[in-house]
Structure formats: structure tokens, C-alpha cells
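S.K.: just need the structure, nothing else, for what follows:
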Amino acid sequence: MDFGKISDDLLAVAFDSTNAFTGAPEELWSCWFAVSESVFWEFNPKSRLPDRNAAKRRMSVASPLYRTERFLVFNHAKTPVAVMSFGYETERSPSYELDKNICHINILVEKGFRRQRIATRLLAELLKKARSMQKITIAGEIDNTPARKFCEAYNGEMVHKEVQHRMYMDGADWEAAAEWRTKGRKKFPDTTFEFFQDCPDADIEAFCRTYTEIINERPTGDMQQTLITTPQSRRIEEENLKKKGVQWYTLISREKNGDISAMTDIMYHPREPHKIVQYFTGVSAGHRRKGLAKRLKAEMLYVMQEKFPEVEYITTTMAPDNRPMQAINAKLGFKLRKTDCVYQWALTDLETQVAARLQTAGRRRKRNCQTGFPG
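M.R.: Residues are numbered from 1 along each chain as shown. Sure thing, here's the model as predicted:
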């Protein structure tokens, strides 16, 4: 979908939503990165920029389960001023029936072009798209103060908060990791660990069932989201991440009777060898209070040290009220880096607020023009 002209001073260019950015001219890529990297550096001044080739590949592969449509916004001088995206579950997603009325939006405006109602006008366009697709709930994840103020100005309900922690490998508490691993092996010798990239066929049914159970027990506040993993969706995700150049690994623990009792997973990109993202660590309800989470984190830490010796740091994210995992990570050496917030609106409420704000801005511009005041 191409929005084309939004107003006299804004034009949005849409990329192919079925295979985002495939074949995009290099000048458009340059414009995209001009905005996205500028905003990234503004709020992450001490961090390395994401590798452009890795970012291109990630964005150029469309997921069969979740679709993201991206738009690049120019002003009348053809200067890129913003990027935005619109995401939603596809009918192939096992979570579609539960989440089909939800869409996720994101708007990044270059610092020098803020306070010109650009974000509000772009939001109005995204809401039109949401309405045309019969979405009911709008959600947005933000990680910086200007975006937070914008959401609050439109009375967004903060339904979930996640804290991101980072641990540098040279600052890890290896003594604690060794103690947890040794103690676990001694106390529960029949619990074994298996590391894989593609889930084995013999385990995939049980794995997906356990994964869905555990991940939906994690604290998520009032956020409307249900994550369902099936053997089919797991295979799709495995292949999709390979196409993106991402290596996805999972570590599970298995009990003597064959039950999968806990799991954690990591993602690594060879073009960004300095970092690993650890996405999820969970223990099945029937196997808690045995120190299994500690042992799992320790076992995975040793795997990462062996398999990815060049990695400088590990990043992980969790809810701030997940105190047990917070304590485990703190002991290993993870430190708070930033907080992400998820805001949510009913589509009709947000439409009303945006329309009123734009109407007020229009009257103000008209009045300023009549009196000679600058707009």
C-alpha cells in the first residue's frame, strides 16, 4: 500500500508489504537508515549501530506468521523525516484467532522535525489503515522519553513494562555459574540438557506444548497477547530466521521420564558477533523450586562461551515484577540498561483524540495566518 501524499508537506513511500524492502533502491535504504540510525544513536549514544547488511536482510524477509508494513516519510524538500511501521498476525499464525483484532504500530521522527505534528498526522494515517483492516486494538512498544510522552498525551494505557539487562562476558560471575551447575548436577543427576538449532522431530510436539504453556505464564501485565507455538509454526520460524541470517538456538532440560522441564533460547547473527540476545527462560510448573532456572542459565552461559568466544555481551529482557529471574540475572552480572513500555488504545478512542488534536492544530494555523503570527 502506498499512502502517497499525506499533506502539502508530507509524502509517505510504502515498501512491498509481502516482502518488505525487496528490490528497494539504494537511495531509499540510505534514507531509511538516515532516520532510524539517527534516532537509535540519540537514545543509545554509547552503543554500536546495528549492522546495515544484517538489518537489510532481517527486513527483507517477510514472516508467513506476522506481517510488518514499513513506510518512509519525506517532507516537501524530499528530506527523509520519519519512518513508521504497521504489524499484525497473519491467518497462518496459530495465535491469529486470539490476536487478529490487534495491530502494532511504530513511528520514529527525526529529532530536527519534531513538534510539527508529524507524528500525529502519521498516526492518523496508520489508524485509517487499522480501521480498513477491522482492527480494534492499537498497541505500541516504546523505549524513550519523547515517545512515552507522546503516548501519554493521547491517554495510552501502559499495559506492560519490560526491563532490558545486559551482561558483559568479562564481567560475568563465573563462580556463581559453576556453583549452580555443579550443585544441580549433584542434586538432580538424572536431569540432562540438550542443545539444538532445529527442534528434533521426535520432540517437537512435546516441546511446542511445553513452550506455549511456560511462555504464557510469564508476567505480561494487562497486555493483550497470547503466544501459541505449534510444530508447524516452529518450523516456519526456524526457516524464516535462517533466511534472515539469524542463528536461533535452544537449550532444554529433560527429566528421567522424558519430560521437557525447562528451556531457554538465544539468537546470534554472524554479522554482529559482539552480541547475543537471550529471549526466554522458563521452567515448567511441575519442576519448579529445584534450582532449575539457575542451572539452565549457567549451562547456557557455558555453551555460549564455548560456541561464541567472540561475544562481548548478552542482552535479555523481562518484566520488572519477575523477581526470581531478576535475582538470577543480577547474580550472574546482568545490569539494567533500559525500560520498554507497551501502550494500548481502543481504536475508536484514539481516532477521536487524534482527530480533535488535528482539528485544533488546523484552527491554530488558520488563525496565525490571519493575524500574521508565525505558524
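
S.K.: tell me where the model's unsure across the chain.
M.R.: 1-3, 15-24, 361-375 (pLDDT under 70).

S.K.: outline the domain layout of it.
M.R.: 4-160+343-371, 164-339 (automatic domain parsing).

S.K.: could those be laid out in a markdown table, adding mean neighbour count?
M.R.: All C-beta spots, glycine's among them, are computed from the backbone N, C-alpha and C. As requested, the domains of the chain are exported to a markdown table (neighbours: other C-beta atoms under 10 Å):
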| stretch | mean neighbour count |
| --- | --- |
| domain 4-160+343-371 | 16 |
| domain 164-339 | 17 |
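
S.K.: so how far is Ala177 from the nearest residue to His274 once chain neighbours are set aside?
M.R.: In space, His274 comes closest to Glu312 once its chain neighbours are excluded; the distance is 4.4 Å by C-beta to C-beta, 6 or more residues apart in numbering. Going from Glu312 to Ala177 by C-beta to C-beta, to the nearest Å gives 17 Å.

S.K.: what does Gly286 give?
M.R.: According to C-beta to C-beta, Gly286 and Ala177 sit 25 Å apart.

S.K.: those helices in this protein, which residues are they?
M.R.: Applying DSSP state H to the chain gives helices spanning 26-43, 52-60, 96-99, 118-132, 145-153, 174-187, 204-215, 231-243, 292-307, 323-332, 347-371.

S.K.: out of these, nearest to Ile252?
M.R.: With respect to Ile252, and counting by C-beta to C-beta, the nearest of those is helix 204-215 at 7.0 Å.

S.K.: just confirm Trp248 contacts Asp265, I think it does.
M.R.: Yes. Under the criterion of C-beta atoms under 8 Å, Trp248 makes contact with Asp265 at 6.6 Å.

S.K.: for the residue most central in space within the chain, give the beta-bridge partners.
M.R.: The residue lying closest to the centre of the chain (C-alpha atoms, centre = their mean) is Glu141, at 7.9 Å. Here Glu141 sits in beta bridges with Val342, as judged by DSSP bridges.

S.K.: from here on, call the first residue 861.
M.R.: Yep, numbering from 861; the last one is Glu1001 now.

S.K.: how far away is it from Gly972?
M.R.: To Gly972, Glu1001 is 24 Å away according to C-beta to C-beta.

S.K.: cool, and Phe1140?
M.R.: Phe1140 sits 38 Å away from Gly972, going by C-beta to C-beta.

S.K.: same check on Lys1046?
M.R.: If you go by C-beta to C-beta, the gap between Lys1046 and Gly972 works out to 60 Å.

S.K.: likewise for Arg1131?
M.R.: According to C-beta to C-beta, Arg1131 and Gly972 sit 30 Å apart.

S.K.: how about Gln1204?
M.R.: Distance, Gln1204 to Gly972, by C-beta to C-beta: 30 Å.

S.K.: now do Gln1084
M.R.: Distance from Gln1084 to Gly972, by C-beta to C-beta: 35 Å.

S.K.: do Ala1037 as well
M.R.: 46 Å.

S.K.: measure how far stretch 943-959 is from the centre of its chain, please.
M.R.: Taking C-alpha atoms, centre = their mean, to the nearest Å, the mean C-alpha location of stretch 943-959 is offset from the chain mean by 13 Å.

S.K.: residues contacting that stretch, please?
M.R.: 872, 892, 895-896, 923-933, 960, 962-968, 982, 986, 989-990, 993, 995, 1084-1090, 1092-1093, 1096 (C-beta atoms under 8 Å, 6 or more residues apart in numbering).

S.K.: ok, now with 7 Å
M.R.: Applying C-beta atoms under 7 Å, 6 or more residues apart in numbering, the external contacts of stretch 943-959 come out as 892, 895-896, 924-933, 960, 963-968, 982, 986, 989, 1085-1090, 1093.

S.K.: mind exporting the C-alpha coordinates of that stretch to CSV?
M.R.: Output in CSV follows, covering the C-alpha atoms of stretch 943-959 (Å, rounded to 0.1, in the frame of the first residue of the first chain):
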residue,chain,number,x,y,z
VAL,A,943,9.8,6.1,9.4
MET,A,944,6.8,4.1,10.5
SER,A,945,5.5,0.5,10.6
PHE,A,946,2.3,-1.4,11.0
GLY,A,947,2.3,-5.0,12.1
TYR,A,948,-0.2,-7.8,12.6
GLU,A,949,-0.7,-11.5,12.8
THR,A,950,-1.5,-13.3,9.6
GLU,A,951,-4.1,-16.1,9.2
ARG,A,952,-1.3,-18.6,9.3
SER,A,953,-0.3,-17.7,12.8
PRO,A,954,-1.6,-20.1,15.5
SER,A,955,-2.4,-17.0,17.6
TYR,A,956,-4.4,-15.4,14.8
GLU,A,957,-7.9,-16.1,16.2
LEU,A,958,-7.0,-14.7,19.6
ASP,A,959,-5.0,-11.7,18.4
